[in-house]
Every structure is written in structure tokens, then in C-alpha cells.
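from the sequence below, what's the structure:
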Amino acid sequence: MRRLTTVLGTLAAAGTMTLALPNTAFAAHGELIFNPGQTVIENPSGCNNATYRPLIVQNDTNEYALVYDGPDCTGNVIAVVPPGGHTTQEFGSSVFTA
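Have a look, this model is predicted:
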């Protein structure tokens, strides 16, 4: 039951962000860092695939980042990383930023 509540809460947050983002045509400003020391993406936009697991995401942008369990931002949203936040996801495969 707790897992269901967590999944539903994550989906609700992702849906709210999708509706609340004023303009998704522009890239986020800052850096999205995968597995510190491995990959740094300047001003990320759209979907970025990760190559290492567990996936560690440091979101140093001004936008939220959505972590997906499938490649090419498919599957389930398993984490929402706020600006300035970070997460470690054992099954993270890709990250979407607006």
C-alpha cells in the first residue's frame, strides 16, 4: 500500500509539473550531472539516457528533472528531482528536463 501511495504521489507531481511549466520549448539553465564525475550536460533539454547504474542525478538547473526507469524517457517516472536536488535510483535509465 505504501508503494502504491508513493507511485501515485510521484505521478501526481509529474502531472502537475507538466501542466504548470510555462514554456517547455527552452532548455533548462545550468548543469544536469549523472554519476558525478561521469557525465555533465550543460543546459539540458528533453531526454538524456544514462549509461551507469545506479543512476545518481544532481540537478543544478532551474527546472525539475524526471527520472524514468526505461531508456529514451519511457516507462515509469520513478523520481522527480527539484532544482538544486539530487537522487540515487537503482533502476534509473533516463532523465527528462524541460
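
in what helix or strand does the most centrally placed residue in the chain lie?
With distances taken as C-alpha atoms, centre = their mean, residue 66 lies nearest the centre of the chain, 2.6 Å away. Per DSSP states H and E: residue 66 is located in strand 65-68.

can you give me the helices in the protein?
2-20 (DSSP state H).

state which strand of it is the longest.
For the chain, the longest strand by residue count, based on DSSP state E, is strand 55-61.

which secondary structure elements does that strand contact?
Counting contacts by 3 or more C-beta pairs under 8 Å, 6 or more residues apart in numbering; DSSP states H and E, strand 55-61 is packed against strand 30-34, strand 65-68, strand 77-81, strand 86-89, strand 94-97. C-beta coordinates here come from the backbone N, C-alpha and C atoms, glycine included.

got the confidence number for residue 73?
Among the per-residue scores, residue 73 holds a pLDDT of 97.

my read: it touches residue 94, true?
Yes. Counting by C-beta atoms under 8 Å, residue 94 is a contact partner of residue 73 at 4.9 Å.

which of these two has more neighbours?
Using other C-beta atoms under 10 Å, the more surrounded residue of residue 73 and residue 94 is residue 94, with 20 against 17.

beta partners of that one?
Applying DSSP bridges to residue 94 gives these bridge partners: residue 49, residue 68.

residues in contact with it?
Going by C-beta atoms under 8 Å, 6 or more residues apart in numbering, residue 94 touches 47-50, 67-68, 70-74.

ok, now residue 60?
Counting by C-beta under 8 Å, 6+ apart, residue 60 has contacts 30-33, 83-84.

dump the residues you listed to JSON lines, plus pLDDT and neighbour count.
As requested, those are arranged in JSON lines below (pLDDT from 0 to 100; neighbours: other C-beta atoms under 10 Å):
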{"residue": "30", "pLDDT": "96", "neighbour count": "18"}
{"residue": "31", "pLDDT": "95", "neighbour count": "14"}
{"residue": "32", "pLDDT": "95", "neighbour count": "23"}
{"residue": "33", "pLDDT": "95", "neighbour count": "19"}
{"residue": "83", "pLDDT": "97", "neighbour count": "14"}
{"residue": "84", "pLDDT": "97", "neighbour count": "11"}
